[in-house]
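**Student:** attaching a predicted model along with its sequence, questions to come.
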Amino acid sequence: MRILIFGQVDGGLNGELVQAAQSRGHRCEVVSIPSVRSTLGSSAVKLLAKSDAGLEIDLREFDVCLMRGMPPGSLEQIIYRMDLLWTLEQTGMPIINPPKAMECAIDKFLTLSRSQQAGLSIPESSCSETVEEALTAFQELGGDVVAKPIFGAEGRGMLRLTDFETARRVFYTWQQIGAVLFQQRFINAEMSDIRVMVLGGKAIGAIRRTGTNDFRANCAQQGTAVRHELTQKEAELAESACRATGVIFGGVDLIRDTEGRLYLLEVNACPGWKHFQAVTEINIPQRLMSWLEDQIS
């Protein structure tokens with residue numbers, strides 16, 4: 001099997017995927033998506049990039065593409081990169097995760113909107129573009145909210161707001177930089193949440209993350225992780241969230257409040273597994289390669 005990985009060419013988790021692929025006899029190349037050169041108008045679309053060895057490779061030669069991250073860029077650059085994924089998919093190549101899933105999962109508002117339409121339990125949320133509307137929502141949400149970027153990961157940019165004047169200043173600053181003002185009613189979960197790994201529509205394991213410095217439980221924000229035994233309801237919610245967003249391989253974040261109510265927070269379409277693997281002993285690269293072997297004939 002010939003496996004293309006779109007992501008950082010710097011070892012790390014992508015290096016683990018390469019090692020797992022090669023250990024099973026597969027060819028695997030990691031390519032930075034901004035390095036791709038595309039050509040239209042000839043007999044067939046051309047998608048070319050440089051390999052680690054500096055050789056030009058044709059991306060259409062691969063059997064499957066794994067999306068492992070979308071680097072920062074301008075709006076025009078991001079749209080073009082998504083165009084590349086759609087173009088590659090149109091050649092018949094399976095992409096994990098598909099472009100439509102990437103577009104949904106990266107957008108917290110769209111993820112929750114589709115999840116609510118699917119009947120899933122989500123936190124009460126509000127999104128607006130003006131300070132006035134955001135402050136109205138702040139009060140309607142009880143004056144205790146978590147404000148966060150609709151694009152973002154690892155808890156970056158998240159703030160808990162409990163004071164009207166502080167909220168006004170934060171919303172004003174975000175409005176000035178052209179940000180969308182997204183907020184959710186604060187859920188008291190004693191600084192803890194659940195990360196569920198889902199592959200091919202099935203939950204394969206979970207960890208419970210607990211914050212050490214503030215309400216954010218993300219391990220990237222110094223949170224700690226322990227293995228978590230999934231309940232049937234938790235597994236079903238995570239699997240349903242992936243179906244709603246189109247995500248095939250993802251990390252689903254759930255939260256259970258102090259009264260036992262369970263909510264979906266978000267779906268990550270390019271999940272890391274460093275802390276998950278350390279406490280569950282589930283080898284994600286090998287599990288992913290095994291699944292691909294079953295799917296790609």
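**Tutor:** Arrived safely.
**Student:** now do the strands in the stretch 151-297 of the chain.
**Tutor:** Under the criterion DSSP state E, counting those that start in this stretch, the stretch 151-297 of the chain contains strands at 159-161, 181-185, 192-199, 202-210, 224-227, 249-256, 262-268.
**Student:** the longest one versus strand 249-256: what angle between them?
**Tutor:** With axes from the mean of the first three to the mean of the last three C-alpha atoms, to 10 degrees applied, the angle from strand 202-210 to strand 249-256 works out at 50 degrees.
**Student:** helices of this protein, start to end?
**Tutor:** Taking DSSP state H as the criterion, the chain carries its helices at 12-23, 75-90, 99-105, 108-117, 131-140, 164-176, 232-245, 274-280, 284-295.
**Student:** please compute how far stretch 167-179 lies from its chain's middle.
**Tutor:** 25 Å (C-alpha atoms, centre = their mean, to the nearest Å).
**Student:** only alpha carbons, please: show stretch 132-149 as CSV.
**Tutor:** Taking Å, rounded to 0.1, in the frame of the first residue of the first chain, the C-alpha atoms of stretch 132-149 are listed here in CSV:
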residue,chain,number,x,y,z
GLU,A,132,-24.0,44.1,21.5
GLU,A,133,-25.4,40.7,20.5
ALA,A,134,-22.6,38.9,22.3
LEU,A,135,-23.4,40.7,25.5
THR,A,136,-27.1,39.9,25.2
ALA,A,137,-26.1,36.2,24.7
PHE,A,138,-23.7,36.5,27.7
GLN,A,139,-26.6,37.4,30.0
GLU,A,140,-28.9,34.9,28.5
LEU,A,141,-26.3,32.2,29.1
GLY,A,142,-26.3,33.1,32.8
GLY,A,143,-23.3,35.4,32.9
ASP,A,144,-20.9,32.5,33.2
VAL,A,145,-19.5,31.4,29.8
VAL,A,146,-16.6,29.9,28.0
ALA,A,147,-15.6,32.1,25.1
LYS,A,148,-13.5,30.4,22.4
PRO,A,149,-12.4,30.8,18.8
